[in-house]
Every structure is written in structure tokens, then in C-alpha cells.
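No letters, just coordinates:
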């Protein structure tokens, strides 16, 4: 009986253990299901927010990326980076900054929060925000955990807003100086802003004129890139008059001939390039932008040595400033034409006044009379000298052709009238003796 009781007890104990194991299995299954649900929720949150997670075990120095972090780097979700390959994804200019931040975090336990560029596995540049916080055990960092966020769109929006502010400031400063009557300084300001906006080393702004139907570039502003005493002296001499360039077998010449933009990101190998003068600073990239107003090319701007080169997007960004430059060149031409017309009118008035004075003096000195006759109306007008010569009082003149006829000796009337008719018909000076 005692043995039977022990057997029953053991069976009950085993059954209880089995029930406990089954309960444990159910709990494990529930935990797994919860973990899977949490993981799915985490992946959904990552994807929605564009934020990925990552960690670095400081014992193995092996990084672990979440699916969203892999997506940002444009690699598969099962990608396993090493610490070096993870750092190599950062743009070359950002790698020293990241390496230093990781070193400080792993040795001193310093967290970091940086905005830098990466180059994805497909070669695309993206701006990211990368953050890290060290896990400390016994006063020693044992792991780094962090987040990785694609901020390319936010960064682009911010840079676009800042660029627009700089562009508006450039236009305002240029217009202000031009309206102050300082046209050449206005173009110099516009050129400084143009170089800054395009991240260019040097450039020029010039007016396009045509001689024998060929375009000629006359600069209104040009960067001082003189490289020796002779070019420095030449630059100083042309500060107020500008340079004139007629060689069309150049990059800017091609832009003027075709009236189309020239993008040359390898000028030395571009067939349109005419080369550079000896000693000229290197040119690694060039943009030549003709400026048209009402379909006519009136100006051109050129910039050089943008590190990333030039493309349609760069041209599109600076178009508002180029349009302003075109308007100012047009206004400058109109101002010059108006000033020339005013000067010519003033000169003509002065010459007419001089001639009138000389004529009056000659008339007075030679006892010469002046008269005016209109064939259309038959009106006749005399000056005082004419009345004196004819011995008549002004009150006796009715202002008609008959007044003249009545003042001529009857024997000379026929010849005088004949000379007058000939003058009117043949458009020659009237000359007659009577």
C-alpha cells in the first residue's frame, strides 16, 4: 500500500509538472506573439517616422541595424555591416566627424546628435540625423544604442528657404545701388552674390553688343583674378571702362553665338573651349548664361569653379537674379540713349542759337532783309529791314503775295515771278535781281 501511495504521489507530481510545463509553453507562445506584435509595431513606427534604430556591441564591435536603417542606406533588410563599412557609408567630409563622435562615445560615454550626409549603396547622397547614447555598466560603456533618420527633405526645404532669402537680399542690394545712380557698383554687387549663390570662385557680368552682326562681350563687372603685375595693371585700368571680348571660340563665346547656356564641368576637355592664357588660374567647371530680354540677348553672366559642377538646377535657382541683371542692362542702355539725346538736343539748341546770333549780326551789318512766303496759303511776312529796303510802312502790308508784286518795278515783275516759280517747282534756292 505504501508503494502504491508513493506511485500515485509521483504520478500526480508528474502531472502537475506537465501542467506547469504546458502553462509555461503557453506563456512562452504568448510572449512570442506579443514580441512579434511589438516588433511589427516597431517596424511600422520606424517606417512611418522614417527613423531607424541601431546598436553597437562594444565587446564584439559589431553593429546591428533595424530594417528602416537598412532602407535608408538602400541595402537589404538582412544586411550586416561592420563598424568600418558603417562608417564608410558617410560622405568623405563627414567620416572624421563620425569617427571622432563614436570614439568619444565608446571611451568617455559621451552621447552625440549629428546631421551629416551619407552616400547610399546606390550612390545617392542623403542628409541624415544620427544619434547615439551609451549603455553604461559598472561605470564602463558596454553598448551604443541610437537612431538614424532621413532628413533629406527637411534639409532641402531649409536650404531652399535660406537660398531664397539670400537671393532676395542679392536682388534688393543690387537694385538699391542701381537706383542710387551707381550702375557699375550695382553690377559688382550682383556678381559677388552670383558667385556666392553658386559657390563659384570667380565670374563676370557683361553686356552683349553686336558689331557686324557678331556678338561682343563688354564687361560691367569681373572678378579680379590677375596673376601677375601686367594683368593686375590691366585690371586696374579697365575698372571703369570694362573689358571687351571678341573671341567667340571660347566657352562664353559659344554661349553668345548660340544664345544658349553652356555647362562645362570638364573645361579642359570641352571642344568649345579655347584654352586659358598662360598663368590664368585653373578652371575646373564653367557656366555661361546668356540673358535675354524680349527674345533679344542683351547680357551674359559667367561663373567658374563650383566644386559640384553646374547643371540646369543651378541655372534655375539663379534665374531671378539673371533676369534682374538683364533688366538693369536694358535700363542702362535706355538711360545712355536718353542722356545722348539730351546732350545732342542741348548741342543742337546751342548751335541754333549761335547761328541765329550770327545771322542777326550779318543782317544788321549788311542791311539785309528777311522774308518768308508760304505757297500753300499765300501768306507773306517781312522783317523790319525789308520794310526799310522797300520804303514801306508795316501798316501798308496786307500779308499777301500782291504786297510783294506791288513793291517790284513793273519792268522786273515778270522775271521775278518766273524765278520764284522755278524755285518752287525745282526745289532750288530763290535767286532774283529786280
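Now that the structure is in, tell me what you want to look at. On a predicted model such as this, the values are computed, not experimentally measured, just so you know.

Now do the SS call for the closest residue to residue 381 other than its chain neighbours.
Leaving aside its sequence neighbours, residue 381 sits nearest to residue 372 (CB to CB, 6 or more residues apart in numbering; 4.7 Å). Using the backbone N, CA and C atoms, a C-beta is placed for each residue, glycine as well. What DSSP: H, G, I helix; E, B strand; the rest coil gives for residue 372 is strand.

count of neighbours near residue 372?
9 (other CB atoms under 10 Å).

With residue 127 instead?
Look at residue 127: counted by other CB under 10 Å, it has 19 neighbours.

partners of the strand or helix carrying it, with directions?
Assigned by DSSP states H and E, residue 127 belongs to strand 125-137. Applying DSSP bridges, strand 125-137 is found paired with strand 112-119 (antiparallel), strand 140-150 (antiparallel).

same question for that strand, mean pLDDT?
The pLDDT scores in strand 125-137 average 93.

Report how many residues lie close to residue 325.
Residues near residue 325, counting by other CB under 10 Å, number 30.

With residue 411 instead?
By the criterion of other CB under 10 Å, residue 411 has 8 neighbours.

quick revisit: just say which of the strands paired with strand 125-137 is most tucked in.
strand 140-150 (a mean of 18; mean count of other CB atoms under 10 Å).

who touches it?
Identification of contacts with strand 140-150 by CB atoms under 8 Å, 6 or more residues apart in numbering yields 49-59, 65, 68-69, 72, 102, 105-107, 109, 126-136.

redo that, cut-off 6 Å
By CB atoms under 6 Å, 6 or more residues apart in numbering, the list of residues contacting strand 140-150 from outside reads 50-58, 69, 72, 105-106, 109, 126, 128-135.

What subset of these is buried?
Buried residues within the contacts of strand 140-150, defined by neighbour count using 16 or more other CB atoms under 10 Å: 50-56, 58, 69, 72, 105-106, 126, 128-130, 132-134.

still on that earlier bit, rebuild the strands paired with strand 125-137 as TSV, extending it with mean pLDDT and distance to residue 93.
Shown next, in TSV, are the strands paired with strand 125-137 (pLDDT from 0 to 100; distance: least, CB to CB, whole Å):
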stretch	mean pLDDT	distance to residue 93
strand 112-119	95	8
strand 140-150	91	19
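
among those, which is nearest residue 296?
strand 112-119 (42.4 Å; CB to CB).

what pLDDT, on average, does the host helix or strand of residue 99 get?
Taking DSSP H and E as the criterion, residue 99 maps to helix 95-108. Here helix 95-108 scores 92 as its mean pLDDT.

between it and strand 140-150, what angle do the directions make?
150 degrees (axes from the mean of the first three to the mean of the last three CA atoms, to 10 degrees).

rewinding a little: right, and the residue nearest to residue 381 touches residue 380 too?
No. Look at residue 372 against residue 380 with CB atoms under 6 Å: they stay out of range, at 7.4 Å.

Any chance you could list what contacts stretch 321-334?
For stretch 321-334, using CB under 6 Å, 6+ apart, the contacting residues are 170-171, 178, 183, 190, 207, 289, 291, 293, 298-299, 301.

got the buried residues for stretch 56-73?
56, 58, 63, 65-73.

typo on my end, it should be stretch 71-86
Per 16+ other CB under 10 Å, stretch 71-86 contains these buried residues: 71-75, 81, 86.

so who does the nearest residue to residue 113 once chain neighbours are set aside touch?
In this structure, residue 113 finds its nearest non-sequential neighbour in residue 131, 4.7 Å apart by CB to CB, 6+ apart. Listed by CB under 6 Å, 6+ apart, the contact set of residue 131 reads 113, 146-147.

now the helices for the stretch 301-434 of the chain?
Counting by DSSP state H, counting those that start in this stretch, the segments of the stretch 301-434 of the chain that form helices are 312-366, 384-390, 401-405, 413-426.

who's in contact with the last one?
Outside of helix 413-426, the residues within contact range by CB under 6 Å, 6+ apart are 375, 405, 408, 430, 432, 434.

Which positions in it come out as buried?
Buried-residue list, helix 413-426, by 16+ other CB under 10 Å: 416-417, 419-420.

Nothing else from me, thank you.
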